[in-house]
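Asks: next come a sequence and a model predicted from it.
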Amino acid sequence: MVHHRQGHLLRDWIQKAVLSGLEAIGIFADSVRQDIAAVTTGLTLSYSSGTVEGQVNRIKTIKRQMYGRASFALLRARILLQP
């Protein structure tokens, strides 16, 4: 379903997951059901926010490394000057 972008199969998967009897899978399926429109769209469209998420992760890592040690100006310089 994920690799072949078949979001239309999600409702069937949720139903099977809930009926499987496995508690953890059922809980996960219920949480997916709460925002089914977004999950279906994510499984259907080819768009990805991976690049943005990667940049956010990089910035947070730099920020954690510098915590309590430097000013915002240095943080900004490190973010803008790193490749």
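Replies: Now that the structure is in, tell me what you want to look at. Residues are numbered from 1 along each chain as shown.
Asks: so where do the helices sit in this protein?
Replies: Remark: helices assigned in the chain by DSSP state H are 10-19, 23-34, 36-44, 50-65, 72-81.
Asks: would you single out the least confident of those?
Replies: When the helices of the chain are ranked by mean pLDDT, helix 72-81 comes last with a mean of 87.
Asks: got a list of contacts for it?
Replies: 59, 62-63, 66 (Cβ atoms under 8 Å, 6 or more residues apart in numbering). Just so you know, the C-beta spots here come from the backbone N, C-alpha and C atoms, and that holds for glycine as well.
Asks: buried stuff in that helix?
Replies: residue 75 (16 or more other Cβ atoms under 10 Å).
Asks: tilt between it and helix 50-65?
Replies: Orientation check (axes from the mean of the first three to the mean of the last three Cα atoms, to 10 degrees): helix 72-81 against helix 50-65 gives 140 degrees.
Asks: helix 72-81: how far from the chain's middle?
Replies: 26 Å (Cα atoms, centre = their mean, to the nearest Å).
Asks: next one: stretch 8-19
Replies: 20 Å.
Asks: still on that earlier bit, between the helices of the chain, which gets nearest to residue 3?
Replies: Closest approach to residue 3 among these (Cβ to Cβ): helix 36-44, 10.0 Å.
Asks: great, nothing more from me.
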